[in-house]
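Visitor: Return a 3D structure for these sequence lines:
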Amino acid sequence: MKIIIPGGTGHIGAALIRHFSHGFDEIVVLSRQRAEIPNVKVLQWDGCSFGDWVEELEGSDVVINLAGRTVNCRYNTKNLVEMMQSRVESTQLLGEAIGMCMTPPKLWLQSSTATIYAHRFDAPNDEATGIIGGEEPGAPPKWVASIEIAKAWEKAFFESETPQTRKVAMRSSMVMSVDQGSVFDVLRGLVLKGLGGRLGSGKQYVSWIHEQDFCRAISFLIDSDLSGVVNVCSPNPLPQAEFMNEFRAACEVNIGLPAANWMVELGCWAMQTESELVLKSRRVVPGRLLEAGFDFEYPNWSSAVRELEARAKNGK
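Guide: Residues are numbered from 1 along each chain as shown. The predicted structure is shown next:
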C-alpha cells in the first residue's frame, strides 16, 4: 500500500508518519522545502504547479492533504491572502492531478478545520446540527476572515472532479502531540512559566484531540466507507479555564496567571500570533465518528494531558 501526504513535514505529518510507518509499504511526502525523513520519500512541490510528484498519485491508495500556510500568525492582509491561496490552490491542483490519473487514489482525506463552526457556548457543533460561523452578530472581522478561508478550502475540495476517489473533509480540532512547535508544546511552555491561566472569561470551549486518536481516526476513515464532512476531535471539549486547570495539574504547576482580553491581545501581538486561536469558543464534537463506532483511547482531557506530559518530560 502507498500513502501520499502533501504538507507532511509538520508535527501532524510527523505523527502520521510514525503511525503509518508499519502499515504502508511506501510513504511519500510532498513538501515546499527540502526535507529528509527516514524511510520516507520526500518530493518538492510548490502547491500551484504540476511536477514529478504527479506520477506518485497513479495507483496510490490514500492521499492525506495537510498543505496550507500555518494559522499561527498575525491575521494581516498579506498573511490572510497566503493562508487562502496556499489552501485553495493546492487543493485545486491536487484535484486536477487526481482527476488525470488512470488509476486514481482510492481515498482522498482533506484537511479542514473546526474553526468553520460558529463561536458558541450553548450547544456543541456536530456535522448534522452544527452552525457554520461568519454571520453571528458581533463576530470580529478577523474571525470572519478565518471562516471564509475554511469555507473556500472545503468548496475547492468538494468541487474537484474525482469521481473514482472517495473524499472526506476532516474538520479537525487542535491535535495535541509532543513534537517541537506543536500546540501542546507551545502551551506547555506557557504553563511551565506560570502563564497557563484563564484567558479572557475562560468560558470559551477548547476542542482538541490526542495525536494517537487523531491517527487512529485516520486509520478508521481509511477502513470505513464514510465520505463528506467528518469532525475529527475529542467527544469532550471543555471550557478554557478547566482545560488549563487540567494542564497545570498534569505539569504539577500551581500558578497560572489569568489574562484579560486586552492582555491576551498584547501577548498575541508579542508572540506574532492571533487571539482568535484562543478566545473563540470551539465547541465541536465528532458525531459521525461516534455513530460509525469509533472508540477513543483518550476521550477526556485529564487522561490525555497526563499521557502527553509524561512523554514530554521524558523527551519521548
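Visitor: quick check: mean pLDDT across stretch 32-39?
Guide: Averaged over stretch 32-39, pLDDT sits at 89.
Visitor: Show me what that stretch is in contact with.
Guide: By C-beta atoms under 8 Å, 6 or more residues apart in numbering, the residues outside stretch 32-39 that reach it are 9, 17, 21, 27, 29, 42, 44-47. All C-beta atoms are positioned from the backbone trio N, CA, C, and that covers glycine.
Visitor: Could you export the residues you listed as a markdown table, including pLDDT and secondary structure?
Guide: Output for the contacts of stretch 32-39, formatted as a markdown table (pLDDT from 0 to 100; DSSP: H, G, I helix; E, B strand; the rest coil):
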| residue | pLDDT | secondary structure |
| --- | --- | --- |
| T9 | 92 | coil |
| I17 | 94 | helix |
| S21 | 88 | coil |
| I27 | 95 | strand |
| V29 | 96 | strand |
| V42 | 95 | strand |
| Q44 | 93 | strand |
| W45 | 94 | coil |
| D46 | 93 | coil |
| G47 | 93 | coil |
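Visitor: In contact with the residue lying closest to R282 once chain neighbours are set aside, which residues?
Guide: Using C-beta to C-beta, 6 or more residues apart in numbering and skipping the chain neighbours, the partner closest in space to R282 is S207 (4.3 Å). By C-beta under 8 Å, 6+ apart, the contact list for S207 reads 114, 173-174, 233-234, 237, 282-284.
Visitor: could those be laid out in a markdown table, adding neighbour count, secondary structure and pLDDT?
Guide: Below are those laid out as a markdown table (neighbours: other C-beta atoms under 10 Å; DSSP: H, G, I helix; E, B strand; the rest coil; pLDDT from 0 to 100):
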| residue | neighbour count | secondary structure | pLDDT |
| --- | --- | --- | --- |
| A114 | 26 | helix | 95 |
| S173 | 23 | coil | 97 |
| M174 | 20 | strand | 96 |
| C233 | 28 | coil | 98 |
| S234 | 25 | coil | 98 |
| P237 | 24 | coil | 98 |
| R282 | 27 | coil | 94 |
| R283 | 22 | coil | 96 |
| V284 | 31 | strand | 97 |
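Visitor: And those residues, which two are furthest apart?
Guide: For the contacts of S207, the farthest-apart pair by C-beta to C-beta is M174 and R283; their separation is 13.2 Å.
Visitor: got the contacts of stretch 32-39 as a markdown table, with neighbour count and distance to G196 columns?
Guide: Shown next, in a markdown table, are these (neighbours: other C-beta atoms under 10 Å; distance: C-beta to C-beta, whole Å):
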| residue | neighbour count | distance to G196 |
| --- | --- | --- |
| T9 | 21 | 28 |
| I17 | 21 | 29 |
| S21 | 12 | 33 |
| I27 | 22 | 35 |
| V29 | 23 | 33 |
| V42 | 17 | 35 |
| Q44 | 13 | 38 |
| W45 | 22 | 38 |
| D46 | 13 | 38 |
| G47 | 22 | 35 |
